[in-house]
Every structure is written in structure tokens, then in C-alpha cells.
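Chemist: sequence plus predicted model, see below.
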Amino acid sequence: MAEVANVYQDALQRVRAIGEDAGVSDEVVEQLLHPKATFCASLPLRMDDGSMRYFKGYRCRYNDVLGPTKGGIRYHPQVTLDEVQALGLWMTIKCALAGLPYGGAKGGIEVQPKELSPMELERLSRAYVRAMADVIGPQIDIPAPDVYTNARIMGWMMDEFEAIKRQRAPAVITGKPVRLGGSVGRDEATGRGAYLCVRELARRLDWEPASKRVAIQGFGNAAYHLARLLEQEGYKIVAVSDSKGGIYSEQGFDIESLWHEKQTSRSMRAVYCEQSVCQLIEHQEISNAELLELDVDLLVPAALENVITVGNANAVKAGHIVEVANGPIDSTAEKVLEQRGVTVVPDVLANAGGVTVSYFEWVQGMSGYPWDLETVRTRLAEYMTRSFDKVWDTAADEGRTLRSAAYVVAMRRIAEAVTAHGDREYFGDQGRKG
Ligand code: NAD
């Protein structure tokens with residue numbers, strides 16, 4: 001099996017490579033190679049049985065040249081400092097590309113959340129906020145959900161932050177329950193944003209949805225909403241998976257009933273959805289690895305990073321990939337796919353719907369004036385199509401892949417802000433005292 005690249009080193013390598021001919025100064029590229037600040041904490045958790053355990057918690061404020069930093073918090077046993085930094089870097093690129101007044105950040109706890117009781121999970125989430133309370137805030141760094149965190153957890157976190165600061169602070173965190181100041185439309189935003197990218201792609205390729213087959217790895221929040229919207233448009237979703245494995249059905253799945261089954265499984269009465277999609281309707285069972293190699297028109301990795309590597313890139317048969325997960329294709333695999341003519345809509349574009357509606361939620365929280373669902377959806381569509389157009393046109397004009405185009409658009413915006421602060425041109429000879 002091919003060695004999996006270190007996710008952060010791989011992310012840095014991508015920035016270096018694309019930065020070489022992005023038309024920005026070395027100073028800007030260099031700045032993107034250094035996280036602004038990374039915080040690590042040991043989070044004490046009193047377990048239900050009275051014992052005490054400690055979990056590693058991280059928060060990386062990667063770059064704040066465009067505004068306060070923004071990024072989700074992940075609960076996963078494989079969370080590492082490198083992963084958090086890579087995700088923070090991608091958030092920096094993503095926010096710049098989406099045209100949001102934010103820098104990038106990310107956080108995480110190294111934990112298997114499914115092994116905790118709901119009350120242990122609440123105590124751990126509050127412990128995270130106690131550890132990070134000085135480095136997050138509505139104008140500093142604004143967390144949100146990511147893998148295995150959700151609206152309820154964001155609500156606990158906001159509540160803890162407000163208790164520490166002794167004031168209301170709905171804009172400290174996004175992805176909260178609507179009743180606690182969350183935005184309508186936030187739950188579906190990542191999937192809807194990815195759907196809008198597929199729609200734009202299909203428009204340019206003259207696709208007839210009914211003749212297109214889609215495989216989706218990971219059947220969580222983002223994947224469900226994307227699958228639902230694609231199915232409504234006529235696409236056939238022939239394969240989905242979760243952490244326990246995948247299912248394949250030639251005639252295509254009924255997404256709502258699949259999701260319903262998953263939601264109503266025993267454990268959904270608690271915080272997590274634990275039932276595997278493998279145990280549901282008539283299907284052929286496949287592994288996650290097999291799903292990635294299915295002969296489909298569109299492949300959507302929507303789980304974790306580094307699932308397509310040099311070890312399986314040649315076996316991928318889909319002609320088009322839309323990255324809903326962050327970093328599912330490593331940079332070596334990407335070169336293989338590029339040579340084979342596979343079109344990749346990159347994560348920094350395809351999954352930007354989540355942070356875009358998080359931005360809308362933050363604006364609503366700061367102003368105290370909630371928007372309705374139609375307003376959220378209309379504005380999300382404006383942001384996503386504007387970004388897609390810009391990336392597509394830059395790729396065509398400059399002979400780049402969509403990822404390279406997305407990165408250069410973002411880097412050029414960051415460069416403008418760096419220049420506005422004063423760069424080498426300003427602080428060179430003429431900037432020194434006479
Ligand atoms: P989620 O926790 O709702 O779902 C994750 C899904 O992935 C689950 O179905 C889980 O079973 C599955 N999974 C976990 N490990 C797996 C494995 N090894 N193989 C296959 N499936 C596996 O998470 P989500 O919010 O839907 O996020 C999914 C991806 O989208 C992540 O990479 C996340 O960073 C990215 N993303 C999410 C958002 C958002 O707003 N939710 C925004 C941007 C990007």
C-alpha cells in the first residue's frame with residue numbers, strides 16, 4: 001500500500017507549487033507557509049464512572065490577514081496537530097476564495113466521540129471552550145462544526161463561552177441550533193453549496209442528470225444534503241458509505257428513506273448517528289475502497305482526507321470528482337488524475353457553502369436580525385456561483401486546473417491585503433529611516 005503523505009506537509013507543498021506562478025510575491029507565499037498561532041491543551045474529563053481522563057485539544061488560527069479567523073472543530077481519534085494546521089490553511093484559502101472577510105482556522109479533539117456518553121460529550125465540549133476561551137471570540141476566531149460535531153455541541157460551546165465572559169455572544173460560534181441564534185439553512189449549507197457546484201459543472205458540460213451516476217463516500221450531514229438535492233434533480237445515487245462500509249445499488253437509492261433509517265436507529269436518540277448504512281435496504285455491500293473505484297460519472301469523497309492517493313488514483317474510474325471532504329486527494333494522486341483527464345472541483349470551492357452560511361449566521365448574530373430561508377439560499381447561490389465562475393474562468397484563461405485556479409484567486413486576494421498593510425516594496429529602501 002502506498003504511503004500516505006503527511007497531510008500538512010502535503011498542503012504546504014501545494015501552496016509552494018501553485019505559489020510559484022500565481023503572480024504574488026514570495027512574501028505572500030511565505031506567509032501562507034507559517035500558521036499564525038497554534039494552541040494545544042490537555043482537556044480534563046470527569047467520566048460518568050467518576051474516573052478522570054485527559055484528551056488532547058487543538059486550535060490553530062492559521063492566517064488572519066483578511067479578518068477574524070474561522071473554522072470548524074473536529075472530534076476524531078485521528079485528530080493531530082498536523083491535520084488541524086492543514087485544515088486551517090485550507091480554511092484560509094477557502095474564505096479568501098469565497099470572498100468572506102475572514103482568515104482561516106481549525107480545531108479538534110483527539111477523541112472517539114462515539115465512546116462517550118452524551119453527558120461526557122457535553123463536559124468535554126465545555127472543557128475545550130474553557131481551554132480556548134482567550135483565543136476565540138466574535139472578532140478573533142469563530143469556531144463551527146466539522147466531522148462528528150454538530151449544532152447541539154456548538155450550542156454547549158456558546159453557552160460555556162457566555163458563562164466565562166458573563167455576556168451574550170451569539171457570534172462567537174456558528175452552526176448553532178436556530179433557537180440559540182443559529183441561521184436557518186446552515187445545516188444544509190455545505191451540501192447545497194456542493195450541489196450548486198455540480199449544477200454549474202453540469203451546465204458547462206451539457207450533462208443530462210438522469211443519465212449520470214453518482215457515488216458518495218461518507219453519508220454524514222454534507223453528503224446527505226448533496227445527495228438529496230442531486231436526487232431531486234434526477235441524478236442516480238448508486239453508492240454511499242459510512243465509516244463501517246458502503247452499499248451499492250444499480251437502480252439508485254432513495255436518499256430520504258436511507259437517511260431516515262439512519263436517523264431513527266437506536267442511537268440517534270442520543271447525539272450521534274451510529275447505525276451503519278450497510279445494515280439498511282436491498283443492496284450489494286462494498287468497501288469504502290471499492291466505492292472510490294466504481295465506474296460512475298461523478299465521485300464525491302465526503303468523509304475524510306487522503307482517501308485518494310498514488311496507491312489508488314489509477315483505479316479511479318469516475319471522470320469527475322467533487323471534493324466535499326477537505327483534502328481527500330493528496331497532491332501526488334492529483335497529478336495522476338490530471339494526467340488521466342479527470343476533472344476535480346476542489347474542496348476549497350466545493351465545500352465552501354458551509355463557511356459561507358456560517359458567515360451569514362455571524363452577520364445575523366452581530367446585527368441581531370435573523371434572515372429567512374429564502375434569503376439565505378439566494379445569497380448562498382450568489383456566493384457559490386460567483387466563486388465557481390471566477391475559478392472556471394481563471395482556469396480557462398490561464399491554463400490551470402480548477403484547484404490551481406482556486407488557489408491563485410485566493411492568493412491574489414490575500415496578496416492585496418498584505419500589500420495594503422505594507423510589503424517589501426513599501427518597507428524596502430524607502431521604508432527605512434533616512
Ligand atoms: P459528519 O460527521 O456529519 O459525517 C461524516 C461521515 O463520514 C459519516 O457518515 C461517517 O460515518 C463517515 N466516515 C467517517 N470515517 C469514514 C471512513 N473512514 N470512511 C468512510 N466514511 C467515513 O461530517 P460532515 O459535516 O458531513 O463532514 C464531512 C466532510 O465534509 C469532512 O471532511 C468535513 O471536513 C467536510 N466539511 C464539512 C462542512 C460542514 O459544514 N459540515 C463544511 C466543509 C467541509
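Modeler: Yep, that arrived.
Chemist: tell me the pLDDT of the residue nearest the centre of the chain.
Modeler: Centroid-nearest residue in the chain, with C-alpha atoms, centre = their mean: residue 326, separated by 5.1 Å. Residue 326 is assigned 92 on the pLDDT scale.
Chemist: residue 25 too?
Modeler: On the pLDDT scale, residue 25 is placed at 92.
Chemist: how many residues are close by it?
Modeler: For residue 25, the count of nearby residues is 16 (other C-beta atoms under 10 Å). (Each C-beta comes from the backbone N, C-alpha and C, glycine too.)
Chemist: from residue 249, how far off is it?
Modeler: Separation of residue 25 from residue 249 (C-beta to C-beta, to the nearest Å): 52 Å.
Chemist: for the ligand, what's its nearest residue on the stretch 201-350 of the chain.
Modeler: Nearest residue of the stretch 201-350 of the chain to the ligand (C-beta to the nearest ligand atom) works out as residue 220 at 1.7 Å.
Chemist: what are the neighbouring residues in contact with the residue nearest to that residue when sequence neighbours are not counted?
Modeler: Using C-beta to C-beta, 6 or more residues apart in numbering and skipping residues adjacent in sequence, the residue nearest residue 220 is residue 302, 6.9 Å away. Residue 302 makes contact with 216-220, 222-223, 226, 324-325, according to C-beta atoms under 8 Å, 6 or more residues apart in numbering.
Chemist: swap in residue 100?
Modeler: Contacts for residue 100 (C-beta under 8 Å, 6+ apart) come out as 66-67, 70, 355-356, 359.
Chemist: tell me which of these fall in helices.
Modeler: 355-356, 359 (DSSP state H).
Chemist: TSV for these, including neighbour count and pLDDT?
Modeler: Output for the ones in helices among the contacts of residue 100, formatted as TSV (neighbours: other C-beta atoms under 10 Å; pLDDT from 0 to 100):
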residue	neighbour count	pLDDT
355	29	97
356	26	98
359	26	98
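Chemist: closest to the ligand among the residues you listed?
Modeler: Nearest to the ligand, judged by C-beta to the nearest ligand atom, of the ones in helices among the contacts of residue 100 is residue 355 at 6.6 Å.
Chemist: surely that closest one and residue 98 touch.
Modeler: Yes - using C-beta atoms under 8 Å, residue 355 is in contact with residue 98, at 6.5 Å.
Chemist: what about the strands in the chain?
Modeler: Along the chain, counting by DSSP state E, strands occupy 37-46, 52-63, 69-76, 103-110, 141-145, 213-217, 236-242, 245-248, 284-286, 298-301, 320-322, 343-345.
Chemist: using CSV, write out every CA atom in the fourth one.
Modeler: Taking C-alpha atoms only, strand 103-110 is exported to CSV below (Å, rounded to 0.1, in the frame of the first residue of the first chain):
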residue,chain,number,x,y,z
GLY,A,103,-8.9,34.3,7.8
GLY,A,104,-8.7,30.6,8.3
ALA,A,105,-8.6,28.4,11.5
LYS,A,106,-9.4,24.9,12.6
GLY,A,107,-9.7,23.0,15.9
GLY,A,108,-10.1,19.5,17.1
ILE,A,109,-10.1,17.0,19.9
GLU,A,110,-8.3,13.6,19.6
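Chemist: which parts of the protein sit against the ligand?
Modeler: 145-148, 190, 217-223, 241-243, 288, 302-304, 324-326, 351, 354 (C-beta under 6 Å from any ligand atom).
Chemist: only the buried subset of these, as a ChimeraX command please.
Modeler: For the buried members of the residues of the chain next to the ligand, the matching ChimeraX selection, counting by 16 or more other C-beta atoms under 10 Å, is:
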select :145,146,147,148,190,217,218,219,220,221,222,223,241,242,288,302,303,304,324,325,326,351,354
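Chemist: which residue packs closest to residue 389, ignoring adjacent ones?
Modeler: Per C-beta to C-beta, 6+ apart, closest to residue 389 is residue 200, 7.6 Å.
Chemist: what's the one you found in contact with, if anything?
Modeler: Counted by C-beta under 8 Å, 6+ apart, residue 200 has contacts 384-385, 388-389, 392.
Chemist: do you know how far the closest residue to residue 182 other than its chain neighbours is from the ligand?
Modeler: Of all residues not flanking residue 182 in the chain, residue 176 sits nearest, at 3.9 Å (C-beta to C-beta, 6+ apart). Residue 176 sits at a distance of 13 Å from the ligand (criterion: C-beta to the nearest ligand atom, to the nearest Å).
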